[in-house]
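# what shape does this take:
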Amino acid sequence: MLSDFGHEGQMKLKSASVLLVGVGGLGCPALQYLTAAGVGRIGIIDDDIVEESNLQRQVVYRLEDVGSLKAITAAKRMGQHNPNILLQPHSTRLTDENILDIFDKYDVILDGSDNFETRYLVNDACVILGKPLVFGAIYKFSGQLSVFNFENGPTYRCLFPEPPGADSLPSCADAGVLGVLPGIIGSLQALETIKIITDIGKVMTGRVLLYDALGQKFDELKLSADKTNQEITELQNYSLNLECSTPVMKNPIEINEIDPSDLLKMVVENPHLSIIDVREDWERELECIQPSLHIPLGNFHQETPPQSLPVSLDEEIVIYCKAGVRSLDACKVLSDLGYTKLNNLSGGMMRWRAENMPIFLKNEE
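Predicted coordinates:
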C-alpha cells in the first residue's frame, strides 16, 4: 500500500542480507525493525553475554536471558517474531582474521559496536569488500548517524582519520546512557539500511546526523570523501594501532580462567593473593567478595592501575566482575603492563552466587 515502495520494495528486502555488528543498545532496535520489515537474511555477530544492566536499553532481552549469549538469544527471539526470514548468529569476536570472510556473505553492514577498535576494523573491511556501512554511535544524551562507503562516498576514516587515545573511550557502563537514546539511533540505522536496500529516499551519505536528546533537536554536518581513505587494501593490527597511554607488550602472558572453587583453593594456599573487583560502585554496594580491592574497569584504561595497584608484577592476582567479560578486559590491560600471574574469575559474581560461594573469604596464614 505504500507508494514508491510496494511489492517491488518488499521483494528487495526479502532478497537482501544484512549483518549487525553487535546486538547491544543500537543493534537491538535495528534488529527488531529489520526483522519486522522482512529482510530475508540477517546475521548477528556478538561474543558478549546478557547482563542485568543491559535490560535498561537492550530491549530484545529479558531478565531470564541474563548470562546467555546475546547473538543466539537475539536470533531465537526474533525468529519467533518473524519465522519467514533466516537469522544467523555468530557468537564470536570480530578480528582481522575472520572479518572479511564473515562480511563477504552480506550486502549491508550495520555497525552497533561501542569501541573505536571495532569501528575502524569494520570500516576498513567494508572499504576492502565494497560494502555500505550504516554507522551509529551514542554517548550519554547524544547520538550520531551516517552511512559510509556508499557509492564512492566518505568512509568512517573521513570523519575520524585516526583513533583517539585509549583514555577517551568511555563505555556505557562507565559514562551511562539514557535508555531510550539507542532506541532512536538504532531505529534510524534500520531506516537507512532499508533505504539502501530498496533504493528509496536520500541515503545519509556525505552527511553526519547529530542528535541532542535533551534539546530534542537534530543537526547535520557535511562530510567530504578523502580518496586515500577509499583505497585501503589490507587490514591492520587494530588493537596495537589504538593510541594508548600504557605500553603494549609484544608477547602478552596467558590469562588463566578459573572457577569459583579454584578461587577458594587459591585463597587457602596463598595468603598474599590479591582479588580485584572491576565493577562499578553501585554494583559493589549490592554485594562483593571480601576482602578485595576495588578498581572500576574505566580506570584500567587510564594511568590508575600501574600507579595505585599495591601488587608487584609477579604476584598472583584474581580479577572478577559480574559475568567475567569486564574482568577479562582488565586482565589484558594488566598483562600489557607486565603483570605475569593473572586469573579471570569465569562467570563472575553471577556464577559465584549460582554456586552458593561465600562472600567473606578467609585464608590460612
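# so where is the stretch 51-200 of the chain shaky, pLDDT-wise?
Within the stretch 51-200 of the chain, the stretches with pLDDT under 70 are 164-175.
# can you pull out the strands in it?
Here the stretch 51-200 of the chain has its strands, by DSSP state E, counting those that start in this stretch, at 86-90, 108-111, 133-139, 142-148.
# check the stretch 201-350 of the chain too.
Ranges of strands within the stretch 201-350 of the chain are 207-212, 217-222, 256-258, 274-277, 293-294, 316-320, 341-345, based on DSSP E, counting those that start in this stretch.
# and those strands, which is most packed in?
With neighbours taken as mean count of other CB atoms under 10 Å, the strands of the stretch 201-350 of the chain reach their highest mean count in strand 316-320, at a mean of 24. (C-beta placed from N, C-alpha, C; glycine too.)
# of all the strands of the stretch 51-200 of the chain, which lies closest to residue 18?
Ranking these by proximity to residue 18 (CB to CB) places strand 108-111 first, at 4.8 Å.
# so which bits of that closest one are buried?
Within strand 108-111, the residues that qualify as buried are 108-111, counting by 16 or more other CB atoms under 10 Å.
# partners of that strand in the sheet?
strand 17-21 (parallel), strand 133-139 (parallel) (DSSP bridges).
# in TSV, list those strands along with mean neighbour count.
Listed next are the strands paired with strand 108-111 as TSV, based on neighbours: other CB atoms under 10 Å:
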stretch	mean neighbour count
strand 17-21	25
strand 133-139	25
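# indicate which one of these is closest to residue 189.
Using CB to CB, the nearest of the strands paired with strand 108-111 to residue 189 is strand 133-139, at 4.5 Å.
# thinking again about what came up before, dump the strands paired with strand 108-111 into CSV; add distance to residue 151 as well.
Converted to CSV, the strands paired with strand 108-111 look like this (distance: least, CB to CB, whole Å):
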stretch, distance to residue 151
strand 17-21, 18
strand 133-139, 12
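# which among those is found nearest to residue 282?
For these, the distance to residue 282 is smallest for strand 133-139, at 20.0 Å, taking CB to CB.
# what's the angle from that closest one to strand 142-148?
Angle, strand 133-139 to strand 142-148, by axes from the mean of the first three to the mean of the last three CA atoms, to 10 degrees: 170 degrees.
# picking up where we left off before, make a markdown table from the strands of the stretch 51-200 of the chain and add distance to residue 311 to it.
Output for the strands of the stretch 51-200 of the chain, formatted as a markdown table (distance: least, CB to CB, whole Å):
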| stretch | distance to residue 311 |
| --- | --- |
| strand 86-90 | 37 |
| strand 108-111 | 37 |
| strand 133-139 | 33 |
| strand 142-148 | 38 |
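# compare these and give me the one nearest residue 287.
With CB to CB as the measure, strand 133-139 is the member of the strands of the stretch 51-200 of the chain nearest residue 287 (29.3 Å).
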